[in-house]
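Participant: Need a 3D model of the sequence below.
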Amino acid sequence: LSIFLILVLCFPFSWGHQDIYASIKKKGKSASSIKSSNKKKSNKKGKAQSKSRSSKSKKGKKGKRKSVDNMSIKAYYDSYQVFLIDTTLTPGLRYMHFLYGPLKHPVYAVEMNVLDPSLKVGVIKGLNKNDGLERIGDMFMRIDSTVRDSLLTAVNANFWRAYRNTAIGPLVTNGEVVQMSNFKNWTSAFFDNKNRMYIDRFDLSGTIRNENGTKWEVSYVNERLDSNGISVYNTYAGSEIPFVPNMAIDKAAQDFLDNKPANQDDSTEEELDIEQLKAELTEAKRQSNIEYPRVKVQIRYLRTPAVNKEVPCLVNAVDTGTVGMPLRGAIISFGKNFHPDSIPAAGDTLFIKFSTGLKDTVPYMQAVCGTPRLVANGLPKHEAEYEGSRNVRFVSHNLPRTAIGTNFKRTKNYIVMVDPSGKGRGANLAQMAAIMKKLGAHDAMNLDGGGSSMMVVCGENVCNNSRVPTGRRISAALAIFRKQMILRDKNANTE
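Facilitator: Numbering: from 1, shown residues only. Now for the predicted structure:
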């Protein structure tokens, strides 16, 4: 009797610690085998026949097999999902941590209710500089001490260029364009003034017009690559223009090494090349020399900047050489191909407009860029090859990933991260697409990943529950804030 009780009590306990997904599959087989006892007897023979048929189909029908795999990816992943955390952080903001799919991908996700007026999306630039890098934890502490709104959650955003530390692809924060240049066929996510997310391959461009109707095209933002054309600089370019950080080669090299992740299997990592570092610093000085003699027009915004909206600006002053950055304004630098008579004068009014090309009637306040698109119009299929990413490791290896997406009606925004610690199995792009689809994304895109992947919720790193800033310094972060609501007493005397 004692032996029998031990078997009864211990057997379920030991079985419970087996792989759940495997047990689900096992149950499925046993359920189907109950239908007929004769099928059990012929099961081995049937398996042998099916194995021979499948081996032939692998050799001769690769294309058909591939299409079946694509069709069954959702069912394949829907077979396993275990929630470890599912809670409401604040009204309109849901935080989830769950294991998903047969590989049990550790997924951390934040779901934002776009219709909640107390929440807003924001983009945080590292150190508030075009070439600034900063840990997300440090961003949290800096924002908490300088911004009235409460920062609730943030993840890494744009990929960034090594050595120069500038973001790759369009980057917009609070209506101001930090980076304008598009990269290959990469995808961007633009957010309107109601926090709705639009994912597409936007072609960001800029124009300036004067009161007479004369228009000029903006060639660069926060940089100048040659002596012709127009460059627009804002506060993210520095306190004065031209601005070149005075960094020695050895200091820059050590700075690069300090920011390398411990995990060498990184989707964005590249080896330090001291010669390339020297070349980049030399190029920065060359651009500074080009910019110095250009005519620079100081302007002050007369309206809050927004993409796809024409912003009137007042010309404060016109000068050459080194010019200080005005408060709540920008500097327009005219290249040598402009005649002096065509350059605006102090007191003139100019109109600046940055346009997205696609969906250009919507005013946008924030934007980030990444690659590739993961879900397009409800179809979970990454577009890495079309966007120019053919690296096998980046596409097919299981790596830490970060992604964002929105549902069909744009009433939900999703911020997602998979396995940033290296302890789990990570995800490849196809798996990441399935995860975003499962969460409810109708459109989704991949952001910078690898050693850059990190999510902070309410000041804590979701992986180690620590408030101590760790990890790689990044160029920009996508964040969700709770607005500081100013309540007025209805009975207050307003006379």
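
Participant: Could you look up the SS state of Ala279?
Facilitator: In three-state terms, and counting by DSSP: H, G, I helix; E, B strand; the rest coil, Ala279 is helix.

Participant: what's around it, how many residues?
Facilitator: By other CB atoms under 10 Å, 12 other residues sit near Ala279. Where you see a C-beta, it was placed from the backbone N, CA and C, and this is true even at glycine.

Participant: now the spatially most central residue of the chain: how far from Tyr80?
Facilitator: Nearest to the geometric centre of the chain sits Ala157, at 3.1 Å (CA atoms, centre = their mean). Using CB to CB, to the nearest Å, one gets 30 Å for the distance from Ala157 to Tyr80.

Participant: tell me the contacts of the residue nearest to the centre of the chain?
Facilitator: Val123, Ala167, Leu171, Val368, Gly370, Leu447, Asp448, Ile474, Ser475, Ala476, Ala477, Leu478 (CB atoms under 8 Å, 6 or more residues apart in numbering).

Participant: Repeat that for His97.
Facilitator: So His97 contacts Phe83, Leu84, Ile85, Asp86, Pro106, Val107, Tyr108, Ala109, Val462 (CB under 8 Å, 6+ apart).

Participant: Now flag whichever of those residues is closest to Ile352.
Facilitator: Taking CB to CB as the measure, Ala109 is the one of those closest to Ile352, at 37.3 Å.

Participant: hmm, back to that, quick one: which of the contacts of Ala157 sit in strands?
Facilitator: Mapping the contacts of Ala157 onto strands (DSSP state E) picks out Val123, Leu171, Val368, Gly370, Ala476, Ala477, Leu478.

Participant: How about Thr87: what's its closest non-neighbour residue?
Facilitator: In space, and not counting its chain neighbours, Thr87 is closest to Tyr95: 5.6 Å by CB to CB, 6 or more residues apart in numbering.

Participant: go on, Gly426?
Facilitator: According to CB to CB, 6+ apart, the nearest residue to Gly426 is Asn398 (3.7 Å).

Participant: can you check Asn113 too?
Facilitator: Gly92 (3.9 Å).

Participant: One more: Met96?
Facilitator: Among residues not flanking Met96 along the chain, Ala109 sits closest, at 4.6 Å (CB to CB, 6+ apart).

Participant: Specify the local secondary structure of that neighbour.
Facilitator: Secondary structure of Ala109, per three-state DSSP, is strand.

Participant: On the pLDDT front, check it for me.
Facilitator: Per-residue pLDDT puts Ala109 at 98.

Participant: what's the neighbour count on it?
Facilitator: 25.

Participant: so who does it touch?
Facilitator: Counting by CB under 8 Å, 6+ apart, Ala109 touches Tyr95, Met96, His97, Phe98, Tyr414, Ile415, Val416, Met417, Leu439.

Participant: What residues are bridge-paired with it?
Facilitator: Met96, Val416 (DSSP bridges).

Participant: now it: how far from Leu103?
Facilitator: Ala109 sits 17 Å away from Leu103, going by CB to CB.

Participant: How about Ser453?
Facilitator: Counting by CB to CB, the gap from Ser453 to Leu103 is 17 Å.

Participant: and what of Thr356?
Facilitator: 37 Å.

Participant: More neighbours: which of the two?
Facilitator: Thr356 (22 against 18).

Participant: How about that one: what's its closest non-neighbour residue?
Facilitator: Phe202 (4.4 Å).

Participant: Tell me where the stretch 1-150 of the chain is predicted with low confidence.
Facilitator: 1-79 (pLDDT under 70).

Participant: which outside residues touch stretch 327-346?
Facilitator: 208, 210, 214, 219, 224, 226-235, 237, 241, 291, 294-301, 313, 315-318, 323, 325, 350, 352.

Participant: Mind listing what's buried along that stretch?
Facilitator: For stretch 327-346, burial by neighbour count (16 or more other CB atoms under 10 Å) applies to Gly329, Ala330, Ile331, Ile332, Ser333, Phe334, Gly335, Phe338, Ile343, Pro344.

Participant: Out of the residues you listed, flag the one nearest to Lys278.
Facilitator: Of the buried residues of stretch 327-346, the one sitting nearest to Lys278 (CB to CB) turns out to be Ser333, at 26.3 Å.

Participant: tell me which element the closest one is part of?
Facilitator: Assigned by DSSP states H and E, Ser333 belongs to strand 329-334.
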